[in-house]
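Engineer: One predicted model, sequence on top.
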Amino acid sequence: MKTVSEVVELIGKAMEQNHRETKTWFIDFSGHVNKLSISYYKFGWYEGEVGKECCDVTLNECGIQEAYWFLKNRVRD
């Protein structure tokens, strides 16, 4: 089972990727409701974009797994 720490580690890698490839990742954490929203733009964000993929989860056991694998399958080192 993956942990919140492992999700946060991948978020860090996504942020590094976003620094190299502007406007690729958008990540929102709402601590008061324990929710995480991740948007990934395969070709970068722009008006009329294509290739948008989203992951909106509550950070419970299932949501942590979903967020981890969403990030793991898209983050490039």
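Structural biologist: All right, it came through fine.

Engineer: Using CSV, write out the CA atom coordinates for stretch 14-22.
Structural biologist: This file holds the C-alpha atoms of stretch 14-22, laid out as CSV (Å, rounded to 0.1, in the frame of the first residue of the first chain):
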residue,chain,number,x,y,z
ALA,A,14,5.8,16.7,-10.8
MET,A,15,6.7,20.2,-9.7
GLU,A,16,10.2,19.8,-11.0
GLN,A,17,8.8,18.6,-14.3
ASN,A,18,6.5,21.6,-14.4
HIS,A,19,9.5,23.8,-13.9
ARG,A,20,11.1,22.3,-17.1
GLU,A,21,7.8,22.0,-19.1
THR,A,22,5.8,25.0,-18.2
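
Engineer: where do the helices sit along the chain?
Structural biologist: Here the chain has its helices, by DSSP state H, at 4-20, 61-72.

Engineer: now for the shortest one, which elements pack on it?
Structural biologist: In this case it means helix 61-72. Judged by 3 or more C-beta pairs under 8 Å, 6 or more residues apart in numbering; DSSP states H and E, helix 61-72 is in contact with helix 4-20, strand 35-41, strand 52-58. C-beta: built from backbone N, CA, C; applies to glycine.

Engineer: Among these, which comes closest to Asp77?
Structural biologist: Minimum separation from Asp77 across the helices and strands packed on helix 61-72 (C-beta to C-beta) falls at helix 4-20, 6.8 Å.

Engineer: Fine by me, thanks again.
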